[in-house]
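Trainee: pasted the sequence and its predicted model underneath.
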There are 2 protein chains.
Amino acid sequence: MTNAPFPPPGDKTALEHGAALTPRFDANGLVAAVATHAETGEILMLAWMNAEALKLTLDTGEAHYFSRSRQALWKKGETSGQIQSVVEVRVDCDQDAVLLKVRPQGDGGACHVGFRSCFYRVVENGALVERP
Amino acid sequence: MTNAPFPPPGDKTALEHGAALTPRFDANGLVAAVATHAETGEILMLAWMNAEALKLTLDTGEAHYFSRSRQALWKKGETSGQIQSVVEVRVDCDQDAVLLKVRPQGDGGACHVGFRSCFYRVVENGALVERP
């Protein structure tokens, strides 16, 4: 699995303290990506990025992901209009997760089910309760 | 891959609107889990849960994860003291991601590198800048 166009990950010190963005893609070539609302801080969704999706996100300023079910690159909002304008991109300590702060366009939501956030349900006593 | 102790996932409607918690674990038996600070909303970390870790988290009210590198169940804070008291557990629309709202114990942090959040670096012009 090539890391291109990003350099290959270095050792622990480089990963945690280096200035180089060297994402640690998993065996399927993916990192997890969390999108939060740039103004409210609300967590909107969790999705996946391959190297191409991350590169496009950084280059265009609009969130791109990789669909595991469809095995295809995917620009968020391409069909729904819920384009995500990227305000900030962060990585975590071991560079296998990405955090996006975004401004959702279109209707302002992020979830195909119709809620603003994909995390519209709480687990209560083992059951799911909608509480958007 | 068994889903036990959770029921197997149903169809799209059941996943998105049903009251049953039926996590969709991936081929490695894992879902992604994001932990946020219950008071500030800050995103603290992204980790992984297998069925056992999720069950223990729900049953004990303290966050448990599964380490992909060590291939082992892991109670957050067991060695660091950064126990995560769980205030709320959410799932996303297709039930392959979990969101925890937690109160970090110990020094109040979540990252082994020493920052409060694992996402202490911003990508700027392709390079990483520490901005905790």
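Mentor: Great, that's in hand. Residues are numbered from 1 along each chain as shown, chains lettered A, B, ... in the order given.

Trainee: who touches the lengthiest helix in chain A?
Mentor: If you go by DSSP state H, chain A has its longest helix at helix A:51-60. For helix A:51-60, the surrounding residues in contact (CB atoms under 8 Å, 6 or more residues apart in numbering or on different chains) are A:2-6, A:23, A:25, A:29, A:31, A:33, A:49, A:62-66, A:73-75, A:86, A:89, A:98, A:100, B:123, B:126. For glycine as for every other residue, the C-beta is placed from the backbone atoms N, C-alpha and C.

Trainee: and the buried ones among the residues you listed, selectable in PyMOL?
Mentor: Entered in PyMOL, the line below selects the buried ones among the contacts of helix A:51-60, by 16 or more other CB atoms under 10 Å in any protein chain shown:
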select buried, (chain A and resi 6+23+25+31+33+49+62+63+64+65+66+74+75+86+89+98+100) or (chain B and resi 123)
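
Trainee: among the contacts of helix A:51-60, which lie within strands?
Mentor: Under the assignment DSSP state E, the contacts of helix A:51-60 contribute A:31, A:33, A:49, A:64-66, A:73-75, A:86, A:89, A:98, A:100, B:123 to strands.

Trainee: so for the longest helix of chain A, mean pLDDT?
Mentor: The average of the pLDDT scores along helix A:51-60 is 98.

Trainee: what about chain A, any weak spots by pLDDT?
Mentor: Filtered on pLDDT under 70, chain A yields the residue ranges A:1.

Trainee: need the residues of chain A near chain B, please.
Mentor: Selection of chain A residues close to chain B by CB under 8 Å from any CB of the partner chain yields A:16-21, A:26, A:32, A:34, A:36, A:41-43, A:45-46, A:58, A:68, A:88-93, A:97, A:99, A:111-113, A:115, A:118-123, A:126-129.

Trainee: which ones are touching the residue nearest the centre of chain A?
Mentor: A centroid search over chain A (CA atoms, centre = their mean) returns A:Ala33, at 2.6 Å, as the residue closest to the centre. By CB under 8 Å, 6+ apart, the residues touching A:Ala33 are A:46-49, A:54, A:63, A:65, A:97-100.

Trainee: then A:Arg24?
Mentor: A:9, A:15, A:31, A:94-96.

Trainee: likewise for A:Arg90?
Mentor: Contacts for A:Arg90 (CB under 8 Å, 6+ apart) come out as A:98-101, B:119-123.

Trainee: at 10 Å what do you get?
Mentor: Contacts for A:Arg90 (CB atoms under 10 Å, 6 or more residues apart in numbering or on different chains) come out as A:34, A:36, A:97-101, B:43, B:117-123, B:128-129, B:131.

Trainee: now A:Val34
Mentor: A:43-47, A:90, A:92, A:97-101, B:32, B:34, B:36, B:43, B:46, B:97, B:99, B:119.

Trainee: would you say A:Pro132 is within a strand?
Mentor: No: under DSSP: H, G, I helix; E, B strand; the rest coil, A:Pro132 sits outside any strand and is assigned coil.

Trainee: measure it to chain B for me?
Mentor: According to CB to the nearest CB, to the nearest Å, A:Pro132 and chain B sit 10 Å apart.

Trainee: for A:Arg24, same thing?
Mentor: 10 Å.

Trainee: quick check: closest non-adjacent residue to that residue.
Mentor: If the residues on either side of it in the chain are set aside, A:Arg24 comes closest to A:Asp96, at 4.3 Å by CB to CB, 6 or more residues apart in numbering or on different chains.

Trainee: which residues does A:Val89 form beta bridges with?
Mentor: Beta bridges link A:Val89 to A:Leu100, judged by DSSP bridges.
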